[in-house]
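[1] one predicted model, sequence on top.
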Amino acid sequence: MGGHMHRFILNTVAMALTAIILISCGKGGDEALKPAAPIELRVMSFNIEWGGAHISFDNVVEAIRLAKADVVGIQEAEGNLQRLAAALGWYYDLRNYVVSRYPLIDPPGADGMYVYVEVEPGRVVAMANVHLPSDPYGPDALRDGATTEEVLALERAVRLPKIKPYLEILTPLVERGIPVFMTGDFNAPAHTDWVEAMIGTRPFLNRVVDWPVSRAVTEAGFKDSWRVVYPDPVTDPGLTWWAGRPPLELYSPGENDVQDRIDFLWFDGPATVQSSEIVGEANRADVPISVMPWPSDHRAVVSQFKVISAPMPSLISTVHRVYRTGENVEVYTHTPADTPAIVTLTRVEDAQLVIAEQSADSTGHLVFPGTLFTPGEYKIAMGSADNNAPLSRGFWVLEVGATPTVEVMGLAFNQNDPIEIRWHNSPGNRNDYVKVYRLDDPTGNEGDGAWAYTKARPDGHLNLDRTTSEYGWPLEPGTYVIRLMKDDGNDQLAESQEFIVR
């Protein structure tokens with residue numbers, strides 16, 4: 001589209017913003033700052049395994065209902081998070097894989113690592129949800145003869161670097177008085193479980209191991225909800241993997257796989273755990289909440305807390321990060337009482353060109369009619385009238401029916417050269433990824449190559465090299481393509497042109 005026509009559209013957008021609706025979003029200002037009474041909150045962590053649809057998606061929904069959860073961290077959503085939220089009638093957040101009966105707000109500065117749950121009007125708790133790498137798996141290495149030192153080195157190299165950024169960003173929230181919960185499939189046991197008293201109580205648990213991930217989370221101040229309620233690992237092991245679900249041809253764990261507790265619900269801040277329960281298959285004394293057939297290879301854990309919610313910090317956020325043309329864009333804002341703020345909307349492609357400015361009340365949200373947007377990346381920002389340090393949030397508008405694409409910027413590369421990859425119109429799930437596939441692999445393992453996450457950006461680019469690849473670098477000489485893949489699964493969204501590595 002030509003520049004003159006583009007600016008005509010932007011001017012039209014600015015004039016049309018008189019149609020923006022400013023709506024009260026709950027108690028704000030001084031009311032939100034009053035001391036809060038404790039409330040009860042049930043938090044759940046649930047790895048639903050490959051999108052939850054291989055055994056019974058209905059039973060995934062039923063398990064959450066029977067657990068009476070209020071907010072759930074989901075692992076292995078694989079494109080089904082919206083479907084799950086719709087079945088529950090709940091809110092969802094695609095960057096954090098959280099579903100909740102309460103509104104979810106992805107605040108500026110969270111960088112996709114936590115989300116606010118508005119448990120009371122103008123008051124929040126914070127929720128992080130993690131899924132650490134599964135391979136190589138530490139307990140399996142011990143089973144297969146690795147030394148304790150080798151396994152500790154493995155954990156420090158594979159999983160510890162992935163959890164540290166969460167601890168760094170969540171600890172300041174606790175210091176500000178915000179209750180913080182961290183759910184997840186950590187793919188590593190707890191150091192509080194692999195103790196002297198546990199040796200020999202189940203297969204392969206044959207030594208004391210000070211597992212680095214749980215040790216780091218504990219040293220950061222977080223508490224393990226299950227172990228707080230059940231401090232003795234001998235009487236209450238709380239095993240979450242593997243669960244007794246029906247066998248699948250794709251994969252089914254068995255007796256040679258180490259059973260353990262690797263799904264956790266950590267918490268810190270003004271919260272007290274009242275109870276904790278395992279949700280899983282029937283006919284087990286340690287599983288009080290069950291549904292059959294159980295739909296996952298993981299059991300879930302649900303804990304009930306008494307929490308004192310925190311006043312919502314100043315923020316601006318869109319309800320979603322990705323919209324389609326014609327959809328209204330809802331923008332939440334929150335500022336202290338009697339603090340005027342200016343909201344500005346810009347199209348990133350046009351840099352400093354401001355599409356619109358609008359005043360925001362202390363608490364509310366703006367509804368931008370979908371007719372105002374052409375496809376592209378946008379930024380919404382908010383700053384007080386006397387402060388030039390605005391909070392901002394990006395979002396994308398994609399054409400209805402837009403087809404995802406991926407391309408490699410080049411046709412031939414030397415073996416250690418970085419490979420520039422660009423993609424467009426990806427759905428923006430947390431775990432969409434780009435992966436290298438070798439077309440002339442004599443072993444037949446064409447997909448066993450380097451890959452990297454797109455960081456939930458619908459449009460973006462990266463240089464695939466040893467610093468960005470999650471696995472499989474450098475590439476062996478051969479002929480390759482890049483495929484854009486959906487949400488940690490095997491659904492292909494797009495494929496690049498062929499290229500060679502020399």
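    Perfect, thanks for sending it. Because the structure is predicted, anything quoted here is derived from the model rather than measured.

[2] now do the end-to-end distance for stretch 103-113.
    17 Å (C-alpha to C-alpha, to the nearest Å).

[3] an error on my part: the question was meant for stretch 66-82.
    Across stretch 66-82, first to last residue, C-alpha to C-alpha, it's 20 Å.

[4] mean confidence for that stretch?
    Averaged across stretch 66-82, pLDDT comes to 96.

[5] did I read that right, residue 189 in a helix?
    No - checked against DSSP: H, G, I helix; E, B strand; the rest coil, residue 189 lies outside a helix; its state is coil.

[6] how about the nearest residue to the residue nearest the centre of the chain, chain neighbours excluded?
    The residue lying closest to the centre of the chain (C-alpha atoms, centre = their mean) is residue 96, at 2.5 Å. The spatial neighbour of residue 96 that comes closest, neighbours along the chain excluded (C-beta to C-beta, 6 or more residues apart in numbering), is residue 115 at 4.6 Å. All C-beta atoms are positioned from the backbone trio N, CA, C, and that covers glycine.

[7] same deal with residue 188?
    residue 213 (4.6 Å).

[8] tell me the helix or strand right after the helix or strand containing the one you found.
    With elements taken from DSSP states H and E, the one containing residue 213 is helix 212-219. Scanning forward in sequence from helix 212-219 by DSSP H and E, the next helix or strand is strand 223-224.

[9] direction included, what does that following strand pair against?
    strand 263-268 (antiparallel) (DSSP bridges).

[10] residues making contact with whichever helix or strand comes after the strand it pairs with?
    Next along the chain after strand 263-268, taking DSSP H and E as the criterion, comes strand 271-280. For strand 271-280, the external contacting residues (C-beta atoms under 8 Å, 6 or more residues apart in numbering) are 40-41, 44, 46, 63, 66-67, 125, 179, 181, 223, 225-226, 228-230, 238-240, 243-244, 265, 267, 286-290, 294, 299-308.

[11] buried residues in stretch 39-59?
    41-57, 59 (16 or more other C-beta atoms under 10 Å).

[12] before we move on, back to that, next, count neighbours for the residue nearest to residue 96.
    26 (other C-beta atoms under 10 Å).

[13] need the helices for the stretch 101-250 of the chain, in chain order.
    In the stretch 101-250 of the chain, the helices defined using DSSP state H, counting those that start in this stretch lie at 138-143, 148-158, 160-175, 212-219, 225-229.

[14] residue 427: which of the ones you listed is closest?
    helix 160-175 (23.3 Å; C-beta to C-beta).

[15] off-centre distance for that closest one?
    Taking C-alpha atoms, centre = their mean, to the nearest Å, the mean C-alpha location of helix 160-175 is offset from the chain mean by 14 Å.

[16] quick one: mean pLDDT over it.
    Computed over helix 160-175, the average pLDDT equals 97.

[17] so what secondary structure elements neighbour that helix?
    On a contact count with 3 or more C-beta pairs under 8 Å, 6 or more residues apart in numbering; DSSP states H and E, helix 160-175 meets strand 123-131, strand 180-185, helix 212-219.

[18] name the strands paired with the second one and say parallel or antiparallel.
    To tie it back to what came earlier, the one meant is strand 180-185. strand 123-131 (parallel), strand 263-268 (antiparallel).

[19] now those in JSON lines, with mean pLDDT and distance to residue 401?
    JSON lines is the format used below for the strands paired with strand 180-185 (pLDDT from 0 to 100; distance: least, C-beta to C-beta, whole Å):
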{"stretch": "strand 123-131", "mean pLDDT": "97", "distance to residue 401": "30"}
{"stretch": "strand 263-268", "mean pLDDT": "98", "distance to residue 401": "38"}
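
[20] out of everything not next to it in sequence, what's closest to residue 298?
    Nearest one to residue 298, counting by C-beta to C-beta, 6+ apart, is residue 47 at 3.9 Å.

[21] mind listing what that neighbour touches?
    74-76, 131, 185, 263, 296-298, 300.

[22] neighbours of residue 86, how many?
    13.

[23] sec struct for it, please.
    Residue 86 - assigned by three-state DSSP - is helix.

[24] list the residues that contact it.
    Per C-beta under 8 Å, 6+ apart, neighbours of residue 86: none.
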